[in-house]
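Q: Model the following, please.
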Amino acid sequence: MSRISKSVLTALIVIAAVAALGLLYASPYIALDRMKRAADARDAETVNAYVDFPLLRESLKEQVGQLLTRKIDVRKSGNPLALLGAMIGAALIGPLVDSYATPDGVAAILNGIPPRGDPGEKPPAPPSPDSATLGTAPSAQQSPPVTSAPAQPAPKQPPQTTAGYRSFDTFTVNYRHGAGDARYSAILKRYGLFSWKLVGIELNG
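A: Numbers count the residues shown, from 1 in each chain. Purely as a prediction, here's the structure:
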């Protein structure tokens, strides 16, 4: 093999190694983007490929339980009804976990809407296909409405997000709406070299 051929081969090997390392580093960002797009589209098949639902359910159960414990501190409240409230709160964990361990729940988690442990809480439903037409201007054949609808509250600003490696096999996405709002994190784990799945959340507020 000539010197030029060896140089070309070495350069190709270096380029391939650099590309592989770049893909290795970027793989959780790519997985996160694909997962969020699939969750927003309620593409259950693709969401299933990017979420370990058994681990997510266990994480939700643990984190929501801790959240309810912080909300209802039986030892410090001095309220005789606090124990009853804690028991009721514990009974809510199962339905809440069931509602968030779904494509709708994953979409909520990845869009800054974590579970808060409220009674009957469910993730927001996907927008209806007709919702895009509600805000269109009336045509010339339509009459303007007689009464105006009440003003809607301003939508909440998108969450502030930061993302990064916690370890070689763990990647976290941190969400916060503002200084006064609770923080939470979505946890991704590496499956193989380039694949990642959502496995849990951390409710820090």
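
Q: Return the residues in contact with residue 187.
A: Residues in contact with residue 187 (CB atoms under 8 Å, 6 or more residues apart in numbering) are 59, 170-172, 198-202. In short, each C-beta sits where N, CA and C put it, glycine included.

Q: which residues pair with it across the strands?
A: Applying DSSP bridges to residue 187 gives these bridge partners: residue 172, residue 200.

Q: Now do it against residue 120, distance only.
A: Applying CB to CB, to the nearest Å, the value for residue 187 to residue 120 is 26 Å.

Q: mean confidence for whichever helix in the chain runs longest?
A: Counting residues, the longest helix found in the chain (DSSP state H) is helix 3-40. This predicted structure assigns helix 3-40 an average pLDDT of 89.

Q: circling back: will you turn the contacts of residue 187 into JSON lines that also has distance to residue 18, pLDDT and neighbour count?
A: As requested, the contacts of residue 187 are exported to JSON lines (distance: CB to CB, whole Å; pLDDT from 0 to 100; neighbours: other CB atoms under 10 Å):
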{"residue": "59", "distance to residue 18": "35", "pLDDT": "95", "neighbour count": "21"}
{"residue": "170", "distance to residue 18": "24", "pLDDT": "97", "neighbour count": "14"}
{"residue": "171", "distance to residue 18": "21", "pLDDT": "97", "neighbour count": "22"}
{"residue": "172", "distance to residue 18": "26", "pLDDT": "96", "neighbour count": "18"}
{"residue": "198", "distance to residue 18": "29", "pLDDT": "97", "neighbour count": "27"}
{"residue": "199", "distance to residue 18": "29", "pLDDT": "97", "neighbour count": "19"}
{"residue": "200", "distance to residue 18": "32", "pLDDT": "95", "neighbour count": "20"}
{"residue": "201", "distance to residue 18": "34", "pLDDT": "94", "neighbour count": "24"}
{"residue": "202", "distance to residue 18": "34", "pLDDT": "94", "neighbour count": "16"}
